[in-house]
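Colleague: return atomic coordinates for the entry below.
(one chain, ligands or ions: 1)
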Amino acid sequence: MSLNNDGKSESHKNIPSEADACLLPQNHKKKKKQSHKEDVASCKLAVNTFENKSIMNIAKKGKKRKLSDTDDKNVETNKENNYAVSHKIPKVIKEVSKKQKSKKVKKKADTLSNEETCNEVDIKRDRDFHIPKIPDVESTECNHEEFSTSDRPCNENVKNEDEYTLIDEVKQMRRLKIDRVLPDWLANPVFISMNLADGMEVSEMRGLRPIFKKILKKRNIERFFPAQVAVIPELLASGNTLSMRYRPRDICISAPTGSGKTLAYVLPILQALSHRVVPQIRAVILLPTQELARQVHDVIAIFTKYLKLRVSLAVGGRSLKKERSTLIFKDTQGDCAADILVATPGKLSDHMNYTNKLNLKYLRYLVMDEADLFSSSSGGSFMVQVEKLLKTIPRAVPDNRIICGGFQPRDGVSMPEYYLQKILISATLMHDPEQLKVFDLYQPKLFAASNLSEVTNAVQTIGPYIRPEEVIEEYIKVDPNQKPLVLYHLISISKLKRVLVFTKSKRATHNLSVVLSALFEDLTVAEFSSNKANRRKILEEFYKKNIHVLVSSDAMARGIDIKGIQQVVSYDVPSLQTYVHRCGRTGRAGKVGYSLCMVEATDDSKRDFKPIRRTCKDQLNQIHVSEQDLLGYADKYQAALDILKETIQEEKIKSRMTKGLKGPKGNKLKMTPSNRYQSLAAITPVTSVA
Ligand SMILES: Nc1ncnc2c1ncn2[C@@H]1O[C@H](COP(=O)(O)OP(=O)(O)OP(=O)(O)O)[C@@H](O)[C@H]1O
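Modeller: Below is the predicted model:
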């Protein structure tokens, strides 16, 4: 479309004004007789020539007067504005076309006077038409609510349809690909090497107190891993007393499983807090599960033994009262007894609500390990809660007595009021700014692991989740009916004695552990039970190598650090994110490990496996087990399945007994000696845990 000098469309020159159309019944009648093609064309024009309210009002009032010069100008301007809008509204064009064809409207147009038609159609349009919202409309001057189809152009001279072919243009616009644009901090992370050998001698780490180096040496840690080499100096610098006058930047760490992320944040936090005089909770470390929180608590406790710091644990399964006693001194007026609180989100929430004297005024570090879980639906709402709460807590002005020693703020040196630093960590840290919004990060800095030789594009690098190179990944396609047997066969022939098997549910975990217990004669099989009290015991036995095959739901998929797990089995295909964490339970800290994913020959399983295959294709190999390999186990397998059947029946009886002694048909059972015996038998655990 060509534009004249005034920037106005030339093709509009011949279009009569809306008011003209309304005032000239002859024109309107002629137009009704036009062919369908012309009708559609004029409908397009109608959208282009939508008028403003002032014009409609003229029509409504029926004042048969010629438009003044000013009105002409208004019409022209509106034509332009509406033209710009019509580029973006194919739906409106279609609806208008439909309506124009509608007999109802035509009838009304016939019977009513021209003046009435304008009013009637206008009202009807207002009622019937839903004008879609258009986010990217360029013309802001145009009010969509003013759209009406009553302003159909009546000029027969307008025949050049090509100039108004708008729908195709809109379609083309939709097909345009939108390039992902990340905020600068996400697009340009500090890259960390994937190769754990690229680290640095512990003794060479500048700024780290000798006491930490000594403890590390005692624990046989001679070299720092690359993630630690990158993150420790950054956190040491922001924890430095001289940095206190600036609010520190928030830190995000995205590095593979088993790459030493825990020590990367624990060491600098402990060092920054180690000069304190008065205890106050200055670091809260959040973890998604009890076991993980205990594990991090134990790591911190190794160091606090040698420092004057105190660390408390707040997780499910412990009474609030007991935990309170570790947070607040009893015999004082609510003086804080801890410097660091390691907690699960639920328990922290409980303490925030019910432990009156819990004081987070001095909170300096908020660490969220496995941070991607905190941004998901439930975790996300928890973060919103935490953010709200943190904002309501009156912040204490940094006090060198409490925070650290050595630095005396001089007169005139302004201190930041809000000096909380957030640290987000995960092997599968999200890189979606929308998801990260919930954390309300302040000038964040991202540390992301990648294969440095292949870094070409930051978006590509931090997009797919990175897995340790030491994990050898395999998958196998299996018949669902033979899955336990295939697993038994593979573990038997490999002679592995430290295997962690993941299933998708508690029920599947239980059933599989029953079958594998029946199949293995020389290995001990156990399940990471849904009974939380039992879990600790089972984990300890697995640590001590008294359990050889541990079957678990995804409760153990994240963060759990058990040395020497030889193989991880994904008995059910998980999501890509969970797969990365499951694999990460083996091949930790540079050790070699195996991961096996069992893919059922069903559509669901194959579909779930697609993203894993796509992302891990260069590391993933297929293995096969032939039918003949399994023939020898037929009787054994049948016996194991029978045991499972019996076990399930026994458990049903047991649950009925405990629920109200009901028989198989729902009738109440009398507590006869045989019933009592059955219920007792059902209570006896089926799996043997050494
Ligand atoms: N510099 C080091 N040298 C040797 N071993 C180390 C070093 N740093 C950490 N480790 C050990 O590596 C193991 C894994 O560390 P850590 O649990 O911190 O990994 P992670 O990156 O947090 O893994 P995940 O993502 O699974 O939670 C631990 O047993 C830890 O003691």
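Colleague: and the residue of the stretch 451-600 of the chain nearest the ligand?
Modeller: Ala589 (3.3 Å; Cβ to the nearest ligand atom). For glycine as for every other residue, the C-beta is placed from the backbone atoms N, C-alpha and C.
Colleague: how about the residues of the stretch 101-250 of the chain near the ligand?
Modeller: Neighbours of the ligand within the stretch 101-250 of the chain, by Cβ under 6 Å from any ligand atom: 221, 223-225, 228.
Colleague: that older thread, quick one, phi psi at the residue nearest to the residue of the stretch 451-600 of the chain closest to the ligand when sequence neighbours are not counted?
Modeller: The shortest distance from Ala589 to any non-neighbouring residue, by Cβ to Cβ, 6 or more residues apart in numbering, is to Gly258 (5.3 Å). Main-chain torsions, Gly258, degrees, to the nearest 10: phi 70, psi 20.
Colleague: just checking, which of the residues of the stretch 101-250 of the chain next to the ligand belong to helices?
Modeller: Gln228 (DSSP state H).
Colleague: now render the residues of the stretch 101-250 of the chain next to the ligand as TSV, adding pLDDT and neighbour count.
Modeller: TSV is the format used below for those (pLDDT from 0 to 100; neighbours: other Cβ atoms under 10 Å):
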residue	pLDDT	neighbour count
Ile221	95	16
Arg223	96	17
Phe224	97	24
Phe225	96	27
Gln228	97	26
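Colleague: okay, and which of the residues of the stretch 101-250 of the chain next to the ligand map to strands?
Modeller: If you go by DSSP state E, those have 223-224 in strands.
Colleague: ok, the residues of the stretch 101-250 of the chain next to the ligand vs Met352, which is closest?
Modeller: Gln228 (31.6 Å; Cβ to Cβ).
Colleague: out of the residues of the stretch 101-250 of the chain next to the ligand, which is nearest to Asp522?
Modeller: Distances from Asp522 to those, taken by Cβ to Cβ, are shortest for Ile221, at 35.4 Å.
Colleague: contacts only, for the closest one.
Modeller: 202, 263 (Cβ atoms under 8 Å, 6 or more residues apart in numbering).
Colleague: 10 Å instead?
Modeller: 202, 213, 215, 228, 260, 263, 589 (Cβ atoms under 10 Å, 6 or more residues apart in numbering).
Colleague: widest-spaced pair of the residues you listed?
Modeller: Going by Cβ to Cβ, the pair spanning these furthest: Lys213 and Ala589, at 18.5 Å.
Colleague: related to what we said a few turns ago, and which of the residues of the stretch 101-250 of the chain next to the ligand is nearest to Pro484?
Modeller: Phe225 (37.6 Å).
Colleague: burial check on the nearest residue to that closest one once chain neighbours are set aside, number of neighbours?
Modeller: The shortest distance from Phe225 to any non-neighbouring residue, by Cβ to Cβ, 6+ apart, is to Gly260 (4.2 Å). Gly260 has 20 neighbours, counted by other Cβ atoms under 10 Å.
Colleague: and Gln421, its phi and psi?
Modeller: The phi/psi pair for Gln421 (degrees, to the nearest 10) is phi -120, psi 130.
Colleague: ok, it - how many residues close by?
Modeller: For Gln421, using other Cβ under 10 Å, the count is 21.
Colleague: I'd say Tyr362 and Ile281 touch.
Modeller: Yes - using Cβ atoms under 10 Å, Tyr362 makes contact with Ile281 at a distance of 6.8 Å.
Colleague: common neighbours of those two, please.
Modeller: Joint contacts of Tyr362 and Ile281 (Cβ under 10 Å, 6+ apart) are 336, 339.
Colleague: show me the contacts for Ser259.
Modeller: 192-194, 196, 199, 225-228, 253, 427, 449, 466, 468, 584, 588-590.
Colleague: among those residues, which ones are in strands?
Modeller: Those of the contacts of Ser259 lying in strands (DSSP E): 192-193, 253, 449.
Colleague: nearest to the ligand among these?
Modeller: When those are compared against the ligand (criterion: Cβ to the nearest ligand atom), the nearest one is Ile253, at 8.7 Å.
Colleague: can you check the pLDDT for the closest one?
Modeller: Ile253 is assigned 94 on the pLDDT scale.
Colleague: OK, contacts around it?
Modeller: So Ile253 contacts 189-190, 192, 227, 230-231, 234-235, 259, 261, 264-265, 369, 371, 423-427, 429, 445-449 (Cβ under 10 Å, 6+ apart).
Colleague: rerun that using 6 Å as the cut-off
Modeller: By Cβ atoms under 6 Å, 6 or more residues apart in numbering, the contact list for Ile253 reads 231, 261, 425, 447.
Colleague: partners of it in the sheet?
Modeller: Using DSSP bridges, the beta-bridge partners of Ile253 come out as Ile425, Phe447.
Colleague: re the thing from before, out of the contacts of Ile221, which is most surrounded?
Modeller: Gln228 (26 neighbours).
Colleague: so who does it touch?
Modeller: 260, 263-264.
Colleague: from those, which is closest to Ser626?
Modeller: Gly260 (41.4 Å).
Colleague: wait, the closest one touches Arg223, no?
Modeller: No - Gly260 is beyond contact range of Arg223, at 10.2 Å (criterion: Cβ atoms under 6 Å).
Colleague: tell me where the stretch 551-690 of the chain has strands.
Modeller: With DSSP state E, counting those that start in this stretch as the definition, the stretch 551-690 of the chain shows strands at residue ranges 567-570, 593-600, 620-623.
Colleague: return the set of buried residues in the helix ranked longest in the chain.
Modeller: Selection of the longest helix in the chain by residue count, based on DSSP H, yields helix 634-660. Buried positions in helix 634-660, judged by neighbour count with 16 or more other Cβ atoms under 10 Å: 637, 640-641, 643-644, 647, 650, 653-654, 656-657.
Colleague: pLDDT and distance to the ligand added to those, as JSON lines?
Modeller: Shown next, in JSON lines, are the buried residues of helix 634-660 (pLDDT from 0 to 100; distance: Cβ to the nearest ligand atom, whole Å):
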{"residue": "Tyr637", "pLDDT": "94", "distance to the ligand": "34"}
{"residue": "Ala640", "pLDDT": "94", "distance to the ligand": "33"}
{"residue": "Leu641", "pLDDT": "94", "distance to the ligand": "35"}
{"residue": "Ile643", "pLDDT": "94", "distance to the ligand": "35"}
{"residue": "Leu644", "pLDDT": "93", "distance to the ligand": "32"}
{"residue": "Thr647", "pLDDT": "91", "distance to the ligand": "33"}
{"residue": "Glu650", "pLDDT": "87", "distance to the ligand": "37"}
{"residue": "Ile653", "pLDDT": "83", "distance to the ligand": "41"}
{"residue": "Lys654", "pLDDT": "80", "distance to the ligand": "37"}
{"residue": "Arg656", "pLDDT": "75", "distance to the ligand": "41"}
{"residue": "Met657", "pLDDT": "73", "distance to the ligand": "42"}
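Colleague: got these as TSV, with distance to Leu630 columns?
Modeller: Formatted as TSV, those follow (distance: Cβ to Cβ, whole Å):
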residue	distance to Leu630
Tyr637	8
Ala640	13
Leu641	14
Ile643	19
Leu644	18
Thr647	23
Glu650	28
Ile653	33
Lys654	33
Arg656	36
Met657	38
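Colleague: ok, those vs Lys308, which is closest?
Modeller: Lys654 (51.9 Å).
Colleague: didn't Ile281 look like it was pressed against Leu341?
Modeller: Yes - the pair Ile281 / Leu341 is scored as a contact, 5.3 Å apart, by Cβ under 6 Å.
Colleague: who's more crowded, those two?
Modeller: The neighbour count for Ile281 versus Leu341, taken as other Cβ under 10 Å, is higher for Leu341 (27 against 23).
Colleague: in its sheet, what does the helix or strand encompassing the more buried one sit against?
Modeller: Of the helices and strands defined by DSSP states H and E, Leu341 is found in strand 340-343. Note on strand 340-343: by DSSP bridges, its sheet partners are strand 283-286 (parallel), strand 311-314 (parallel).
Colleague: next secondary structure after the first one?
Modeller: In this case it means strand 283-286. Next along the chain from strand 283-286, counting by DSSP H and E, comes helix 290-304.
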